[in-house]
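Trainee: I need the structure of the sequence given here:
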Amino acid sequence: DLLGMSVTDLAGRPLGRVKAVQNFGAGDVLEVTAPELKHAALLPFTREAAPHVDLARREIVADPPEGVFEWRDGKEPPAPDDDESTGRGHAPE
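Mentor: Just a heads-up that it's a prediction; the model follows:
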């Protein structure tokens, strides 16, 4: 169910899409890819790192640990859409 879901940060900035769900023995890890990333990000699939999963919208809101996402240009992820009517871009309550 998680494959292909979009991943955004708490501010609503897009981080990428779930390519795979891995388990190396210490819990599930989401492999997140995006063209702007230096390499696939391995996001722990925990309440702390992925506090909100919306299956209906196919979106995961993430609060990734420092250093999980490394951008090619060294910059932050792109800004979210400014459409406030969607309610996106806000941390889940």
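
Trainee: Was I right to think residue 64 contacts residue 49?
Mentor: Yes - using CB atoms under 8 Å, residue 64 is in contact with residue 49, at 5.8 Å. Where C-beta positions appear, they are placed from N, C-alpha and C, glycine not excepted.

Trainee: between the two, who's got more neighbours?
Mentor: Using other CB atoms under 10 Å, the more surrounded residue of residue 64 and residue 49 is residue 64, with 20 against 16.

Trainee: Where does the more buried one fall, secondary structure wise?
Mentor: Following DSSP states H and E, one finds residue 64 outside all helices and strands.

Trainee: Quick check: phi and psi at it.
Mentor: When quoted as degrees, to the nearest 10, the phi and psi of residue 64 stand at phi -70, psi 150.

Trainee: how about it, what does it touch?
Mentor: By CB atoms under 8 Å, 6 or more residues apart in numbering, the residues touching residue 64 are 9, 15, 41, 43, 49.

Trainee: Would you verify that the fourth one is located in a strand?
Mentor: The one in question is residue 43. Yes - secondary structure of residue 43 (DSSP: H, G, I helix; E, B strand; the rest coil): part of a strand.
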